[in-house]
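Peer 1: One predicted model, sequence on top.
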Amino acid sequence: MKVNGVAETFLRHGDCYLLMKRSAFKQHYPNVWAGVGGGIEPEEFAHPRQAALREIWEETGVCAEHIANLRLRYLHISQQDGTLIYHYVYFGQTLQTAIRQTEEGALFWIPRQQFFDREFSPAATEILRHYFATGIDTKDLYVFTTNNGFSTVTPFGQEKQSSC
């Protein structure tokens with residue numbers, strides 16, 4: 001079985017988050033909203049945080065020194081077309097609001113209360129709903145799995161918390 005990794009980050013500035021409306025040419029989830037991120041290179045697989053920082057820099061121009069409290073909050077594990085996908089979802093803060101645009105999609109600072117006026121992937125929708133419900137300032141890590149249309153969120157190292 002093939003294994004792929006993805007690192008995605010939702011950067012916060014005050015009550016706004018940096019979101020990307022993915023380009024129409026993207027193979028997976030075109031024209032859908034997401035955090036900043038992309039594929040993890042083979043040499044980064046043991047260090048997904050470095051992949052997240054690289055993707056942030058490549059897609060926004062925000063360097064690591066301008067990011068605070070970057071934390072892995074979710075590990076989403078799924079299978080798609082015979083490939084096992086590890087999706088690392090980070091949340092962090094930045095004081096830098098000036099960003100450069102990218103061919104990957106259009107970047108916007110979106111207030112939290114307007115998040116769900118937008119279309120996200122099903123997994124991102126579940127993760128974001130859970131994130132806002134559990135508190136944005138906690139340090140907890142959750143494992144989110146999707147199997148045959150059912151999703152489960154489990155605090156890392158604890159008993160199963162909830163099923164969706």
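Peer 2: Yep, that arrived.
Peer 1: And the strand ranked longest in the chain, what's buried?
Peer 2: Counting residues, the longest strand found in the chain (DSSP state E) is strand 67-80. Neighbour-count burial for strand 67-80, with 16 or more other CB atoms under 10 Å as criterion, is recorded at I67, L70, R71, L72, R73, Y74, L75, H76. For glycine as for every other residue, the C-beta is placed from the backbone atoms N, C-alpha and C.
Peer 1: What is that strand packed up against?
Peer 2: Counting contacts by 3 or more CB pairs under 8 Å, 6 or more residues apart in numbering; DSSP states H and E, strand 67-80 is packed against helix 48-60, strand 83-94, helix 122-134, strand 142-147.
Peer 1: Describe which strands the second one pairs with in its sheet and in which direction.
Peer 2: Paired neighbours of strand 83-94 in the sheet (DSSP bridges): strand 2-13 (parallel), strand 67-80 (antiparallel).
Peer 1: V32 is nearest to which of those?
Peer 2: Closest of those to V32 is strand 2-13, at 12.3 Å (criterion: CB to CB).
Peer 1: Next, the angle helix 122-134 makes with the closest one.
Peer 2: 40 degrees (axes from the mean of the first three to the mean of the last three CA atoms, to 10 degrees).
Peer 1: buried sites along strand 2-13?
Peer 2: For strand 2-13, by 16+ other CB under 10 Å, it's G5, V6, A7, E8, T9, F10, L11, R12.
Peer 1: lowest confidence element among the helices and strands of the chain?
Peer 2: strand 162-163 (a mean of 45; mean pLDDT, DSSP states H and E).
Peer 1: pLDDT at Q161, what is it?
Peer 2: On the pLDDT scale, Q161 is placed at 44.
Peer 1: returning to what we had before: quick one: closest of the helices and strands packed on strand 67-80 to F25.
Peer 2: helix 48-60 (15.2 Å).
Peer 1: ok, the buried residues of strand 67-80 vs Q50, which is closest?
Peer 2: Closest to Q50, out of all of those and judged by CB to CB, is L70, at 10.9 Å.
Peer 1: Not counting sequence-adjacent ones, nearest residue to that closest one?
Peer 2: Leaving aside its sequence neighbours, L70 sits nearest to G92 (CB to CB, 6 or more residues apart in numbering; 3.6 Å).
Peer 1: Assess the claim that the one you found and H13 are in contact.
Peer 2: No: using CB atoms under 8 Å as the test, G92 is too far from H13 to be in contact (10.2 Å).
Peer 1: Just the buried residues of stretch 94-104, please?
Peer 2: For stretch 94-104, by 16+ other CB under 10 Å, it's T94, I99, E104.
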